[in-house]
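J.: return a 3D structure for these sequence lines:
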Amino acid sequence: EALSQAWQQAWAADLAPDSENVQELAARHVRWIQQGWGGTEPGPDQIAGLAEMYAADERFAANYGGTEGAAYVRDALVRYTGTMQ
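T.: Okay, here's the model as predicted:
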């Protein structure tokens, strides 16, 4: 819930998806996914796929303030995948 709120706050503050603060939030989101996957680190394609699902499925988008908020999360996470090694 805290992560969802942080995303919504960043979006409401009109922070760019590629800004340092938002990219730190994306890294936090990836760590959250990793915890949910029992410690398995998701790869860039997996993160991008999940991010697309957040924006495409209204049930997931509801966690990020709706489809526009989910698109913002998607954009930030997809940008973050470019930094993953």
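
J.: which of the helices or strands spans R28?
T.: Per DSSP states H and E, R28 falls inside helix 20-36.

J.: run through who's touching that helix.
T.: Helix 20-36 has contacts (Cβ atoms under 8 Å, 6 or more residues apart in numbering) with 3, 6-7, 10, 15-16, 40-42, 47, 50, 73, 76-77, 79-80, 83-84. C-beta here means a position set from N, CA and C on the backbone, and glycine is covered the same way.

J.: that one: how far from the chain's middle?
T.: 7 Å (Cα atoms, centre = their mean, to the nearest Å).

J.: buried ones in that helix, by neighbour count?
T.: Using 16 or more other Cβ atoms under 10 Å as the test for burial, helix 20-36 gives V22, Q23, L25, A26, H29, V30.

J.: re the thing from before, just checking, which of the contacts of helix 20-36 belong to strands?
T.: Using DSSP state E, no member of those falls in strands.

J.: next, the buried residues of stretch 51-67.
T.: Neighbour-count burial for stretch 51-67 flags A51, Y54, A55, F60, A61, N63, Y64, G65, T67 (criterion: 16+ other Cβ under 10 Å).

J.: okay if I get those as TSV plus secondary structure, pLDDT and distance to Q35?
T.: TSV is the format used below for those (DSSP: H, G, I helix; E, B strand; the rest coil; pLDDT from 0 to 100; distance: Cβ to Cβ, whole Å):
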residue	secondary structure	pLDDT	distance to Q35
A51	helix	96	17
Y54	helix	95	17
A55	helix	96	22
F60	helix	94	18
A61	helix	95	22
N63	helix	93	16
Y64	helix	93	19
G65	coil	92	23
T67	helix	95	26
